[in-house]
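**Student:** need a 3D model of the following:
(chains A and B)
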Amino acid sequence: MASSSDLENPNASSALPYSYTPLPDGEQTAEPAVVLHPKKAVAILVCAFLSVGFLVALIGNSGPLLPKNLNTNVAPSTVATPAKTTPLSRGVDKGVSEKAFRPKLGADNSFPWSSNMLDWQRTGFHFQPEKNWMNDPNGPVFYKGWYHLFYQYHPDAPVWGKIVWGHAVSKDLINWRHLPIAMETDEWYDEQGVWTGSATILPDGQLVVLYTGSTNESVQVQNLAYPADPNDPLLINWVKYPGNPVLVPPPGIDDKDFRDPTTAWKTPEGKWRITIGSKINKTGISLVYDTVDFKTFELLDGVLHAVPGTGMWECVDFYPISKQAENGLDTSVDGPGVKHIVKASMDDDRHDYYAIGTYDAYKGKWTPDNPTLDVGIGLRYDYGIYYASKTFYDQNKNRRVLWSWIKETDTEASDISKGWASLMGVPRTILLDKKTKSNIIQWPVEEITALRTDATVFKKLVLEAGALVPLNLPAASQLDIVAEFELDEATVQRLNGADVAYDCAQNGGAATRGALGPFGLSVLAHDGLVEHTPVYFYVAKAVDGSLKTFFCADQSRSSTATDVDKSIYGNIVPVLKGEKLSMRILVDHSIVESFAQEGRTCITSRVYPTKAIYNNARMFLFNNATAATVTASVNVWQMKSADI
Amino acid sequence: MESRNTNKMKISSPLTILFLLFLLQQTLLSAMADIQLIKNTCKGTPSPDLCLKILLAEPKSQNADLTGLALIGVDAVNNKGLEILKQIVDLKKSRPELRPALDQCAEVYHAVVEADVPSSRDALRGGMPKFAEDGMADSAVEAQVCERRFGEHGHASPMTGSNNVMHDAANVVRAIIRMLL
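**Tutor:** Numbers count the residues shown, from 1 in each chain, chains lettered A, B, ... in the order given. Just a heads-up that it's a prediction; the model follows:
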């Protein structure tokens, strides 16, 4: 162990060096001594008293000059001794406590990231550019037989910077062909970045794009762009409208709070309408503009919607969903059989929230069905790493498809070593949950199943309390897993309920045992469980006998590395009477996407094992409940790699 | 000699003196206001004293808005990172047995200086502060990663002071950036 004399005194004067320029000497007046006229003396004295008076008033009234909500959720600083340093994740979420991973010291655990380990992290079937940095998906659209995906791309380094629009096309949303950069920072109005935007297909088949440019003076403006050759199905070249920008921040809106225009939809008057997120103080809002030609716009009074305390709304999305049908709807569809979703990415906490509500097309306003589950305070698309998402109406297959940016949760140093950062989540279809009616369901697009190859089936395995069952699989880094679980009814009935709160993030993960959970699958696991990532259900029975089911993904033991995020994610999942508990998990190297109850609750995780990789990756079925027996059936498909 | 009263504009005339005093008062008021901004900003960070040290050391902080203060903070993180990289070079010579950990420290501090800092600067200037928050959050983690490497190799760290200052400074700057969100 280190002795304290070997450690530098943390309070020593290793202060930050700073460039020190002495303050200028107080200026002396050039005036030689002057004999003052008595009247002048009085005048000077009066001014002096006034000045002093002002200063006194200022000191007396000094109040905070900053907005009241200072979100400073920062990990406390630690006085470090080697055995006690606690790893911190990048981007601590509000209210989520850090999980400390105590490494076992010794030769076994000293490691740099080997290129073997880093190479493994690249996915087999998730969209990602060959190298460097990606963030928000942009302008997704189906056009002339091709699915297009544009994305925020930094070509120079695996970190955010001056952003351009990357571009790729696909026939099936799974296999991709990378194309040249669609738009660069070559105009004054997007010199600091070609930021996020959306595509609209007009009734005559024309395609237009509205996107945010960060100008040479860092003002956020909206610009119009369109294909140079509309007959080119690959849409390789783009033209920026010479009259750009078409929108600048309106009065009352800060230059830096005006971005991410949506796909346009038709108004009852036959105009086009878009919405753009912003904020006023700490109230997140969505501004509404009407246009006939995408060149001149009219700002509507008021906002589409606003929620106090939620901060800046980024990447707003607005779209209809059918109350009855099992298909998606074009963004312009409206009517009695339709609800509307407002979604926004919350800058403050880096999560995507949505709410179901009713749109008033005449007023240009939307109201949530349940104000307690309003935008920014209610449901999230995903309870893990999932941000800046955007949907599009896929007229090819009559569905609404959701794309999202999945960032890294390792260190920048690792990203530089491996040469890339960020993925897109697997595209998901969105539908209203017809059974609960109070949430959407998301499901990986059906095309993903074309990657399924060898299946391994486990039927009705009975797992006693405390069981841990290794599943014999040919490989375990690229999997599509569908599993069903049943708790034994007798125990559930017999058990006395307790009103104890459970929270995936706070309750210690899969190692914390309850009477009726946790149970599920542990993926990217190593023999002996030195590393593993459990995805599980935890059922809690209340005093009144009602059951609450939680769905969690636990990264706390996902890796022996100490420089990766070890959070536990998850949320309640609604389970209706008679439903079995079911989950689907896509394992694809360093990303795990988990879906409960056909997509009612979704969790995306980034996982960076050092041992549970390549041939050493395993999967386990477990029942860590203390009381109940669980019967599980699992179908595991190996997944081929896609062209990504 | 001309009588003083016939001169049109003289430093000693009452209007001029009034004007100069008014200017002095305004300068004092505005300087007080900016120091107040710095003080209030630092109160919202995990290490207010360190925050004040960083910001007050740079005279431009007196006239800076919140974004400007954040940029001054990022500069301080950058300077500290560069200083630490030099420290690592020296330690490799004086403590060759620590090379493996020192190499890993160099790697993580290069990430701070070459990726996190430029990205944070671009983000602050460009009006997308959340990426600057990510850059500073990562810098704080990298400092902890370096510190931990010594223990993982079975040694005491010779860089605890530096790593702590980097960690704390990066978290201070992160807190300032969060005020911009």
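
**Student:** drop to CA atoms for contacts and neighbour counts, all remaining ones
**Tutor:** OK.

**Student:** mind listing the helices for chain B?
**Tutor:** With DSSP state H as the criterion, chain B has helices at B:14-43, B:48-56, B:66-94, B:99-111, B:117-126, B:129-152, B:160-178.

**Student:** could you do the stretch 351-500 of chain A as well?
**Tutor:** Ranges of helices in the stretch 351-500 of chain A, per DSSP state H, counting those that start in this stretch, are A:412-418, A:489-494.

**Student:** would you tell me which of the helices of chain B gets closest to residue A:400?
**Tutor:** Checking the helices of chain B against residue A:400 by Cα to Cα gives helix B:129-152 as the closest, at 28.8 Å.

**Student:** related to what we said a few turns ago, out of the helices of chain B, the one nearest residue A:504 is which?
**Tutor:** Using Cα to Cα, the helices of chain B put helix B:129-152 closest to residue A:504, at 23.7 Å.

**Student:** how close does the nearest residue to residue A:401 once chain neighbours are set aside sit to residue A:216?
**Tutor:** Closest residue to residue A:401 apart from its sequence neighbours, by Cα to Cα, 6 or more residues apart in numbering or on different chains: residue A:429 at 4.6 Å. Residue A:429 is 38 Å from residue A:216, where distance means Cα to Cα, to the nearest Å.

**Student:** what's the weakest-modelled helix or strand in chain B?
**Tutor:** Least confident element among the helices and strands of chain B, by mean pLDDT, DSSP states H and E: helix B:14-43 (a mean of 85).

**Student:** pull out the buried positions in it.
**Tutor:** B:14, B:17-18, B:21-22, B:25, B:29, B:32-42 (16 or more other Cα atoms under 10 Å in any protein chain shown).

**Student:** what angle do that helix and helix B:48-56 make?
**Tutor:** Note on geometry: by axes from the mean of the first three to the mean of the last three Cα atoms, to 10 degrees, helix B:14-43 and helix B:48-56 are set 140 degrees apart in direction.

**Student:** now helix B:14-43 and helix B:66-94, what's the angle there?
**Tutor:** 60 degrees.

**Student:** helix B:14-43 to helix B:160-178, inter-axis angle?
**Tutor:** Using the same axes, to 10 degrees: helix B:14-43 against helix B:160-178 is 110 degrees.

**Student:** list the helices and strands helix B:14-43 packs on?
**Tutor:** Helix B:14-43 is packed against helix A:38-60, helix B:48-56, helix B:160-178, with contacts defined by 3 or more Cα pairs under 8 Å, 6 or more residues apart in numbering or on different chains; DSSP states H and E.

**Student:** try 10 Å
**Tutor:** When contacts are defined as 3 or more Cα pairs under 10 Å, 6 or more residues apart in numbering or on different chains; DSSP states H and E, helix B:14-43 sits against helix A:38-60, helix B:48-56, helix B:66-94, helix B:160-178.

**Student:** hmm, back to that, on the pLDDT front, check the residue nearest to residue A:401 for me.
**Tutor:** What the model reports for residue A:429 is a pLDDT of 98.

**Student:** please name the bridge partners of it.
**Tutor:** residue A:401, residue A:443 (DSSP bridges).

**Student:** what about stretch A:410-422 and chain B, touching?
**Tutor:** Yes: applying Cα under 10 Å from any Cα of the partner chain, one finds stretch A:410-422 touching chain B at A:410-417.

**Student:** and the residue minimising distance to the centre of chain B, how far from residue A:459?
**Tutor:** In chain B, the centroid-proximal residue (Cα atoms, centre = their mean) is residue B:73; its distance is 2.3 Å. Distance, residue B:73 to residue A:459, by Cα to Cα: 59 Å.

**Student:** count of residues packed around residue A:615?
**Tutor:** 12 (other Cα atoms under 10 Å in any protein chain shown).

**Student:** what's near enough to touch it?
**Tutor:** A:474-477, A:526 (Cα atoms under 10 Å, 6 or more residues apart in numbering or on different chains).

**Student:** A helix includes it, no?
**Tutor:** Yes: assessed with DSSP: H, G, I helix; E, B strand; the rest coil, residue A:615 lies in a helix.

**Student:** quick one: it from chain B, how far?
**Tutor:** 26 Å (Cα to the nearest Cα, to the nearest Å).

**Student:** hang on, residue A:138 packs against residue A:183?
**Tutor:** No: with contact defined as Cα atoms under 10 Å, residue A:138 does not count as touching residue A:183 (11.5 Å).

**Student:** pull up the overlap in contacts between the two.
**Tutor:** With Cα under 10 Å, 6+ apart as the test, residue A:138 and residue A:183 both reach A:150, A:165-167, A:195.

**Student:** which one among those gets closest to chain B?
**Tutor:** Checking these against chain B by Cα to the nearest Cα gives residue A:195 as the nearest, at 10.3 Å.

**Student:** can you confirm that closest one is in a strand?
**Tutor:** Yes: the assignment for residue A:195 (three-state DSSP) places it in a strand.

**Student:** quick test: name the residue nearest the centre of chain A.
**Tutor:** Most central in chain A (Cα atoms, centre = their mean) works out to residue A:387, at 2.1 Å.

**Student:** was I right about that one contacting residue A:352?
**Tutor:** Yes: at 5.6 Å, residue A:387 counts as touching residue A:352 under the criterion of Cα under 10 Å.

**Student:** can you pull the residues that touch both of those two?
**Tutor:** By Cα under 10 Å, 6+ apart, the residues touching both residue A:387 and residue A:352 are A:314-315, A:344-346, A:381, A:404.

**Student:** check those against chain B, which are close?
**Tutor:** residue A:346.

**Student:** what about the shared contacts of residue A:387 and residue A:352, which are in strands?
**Tutor:** Taking DSSP state E, the ones among the shared contacts of residue A:387 and residue A:352 that sit in strands are A:314-315, A:344-346, A:404.

**Student:** give me the buried subset of those.
**Tutor:** A:314-315, A:344-346, A:404.

**Student:** quick check: the farthest pair among these?
**Tutor:** Going by Cα to Cα, the pair spanning those furthest: A:346 and A:404, at 13.9 Å.

**Student:** joint contacts of these two?
**Tutor:** Going by Cα under 10 Å, 6+ apart, residues that sit against residue A:346 and also against residue A:404 are A:352, A:387-388.

**Student:** if we can go back for a sec, tell me which of residue A:138 and residue A:183 has more neighbours.
**Tutor:** For residue A:138 versus residue A:183, neighbours defined as other Cα under 10 Å are more numerous around residue A:138 (30 against 22).

**Student:** count the residues that sit near the residue nearest to residue A:185 when sequence neighbours are not counted.
**Tutor:** In this structure, residue A:185 finds its nearest non-sequential neighbour in residue A:191, 4.7 Å apart by Cα to Cα, 6+ apart. Residue A:191 has 20 neighbouring residues, counting by other Cα under 10 Å.

**Student:** so who does residue A:191 touch?
**Tutor:** A:162-164, A:184-185, A:213-218, B:126.

**Student:** how near is residue A:155 to residue B:133?
**Tutor:** 21 Å.

**Student:** these two: who's more crowded?
**Tutor:** A direct count of neighbours by other Cα under 10 Å for residue A:155 and residue B:133 places residue B:133 higher, at 29 against 20.
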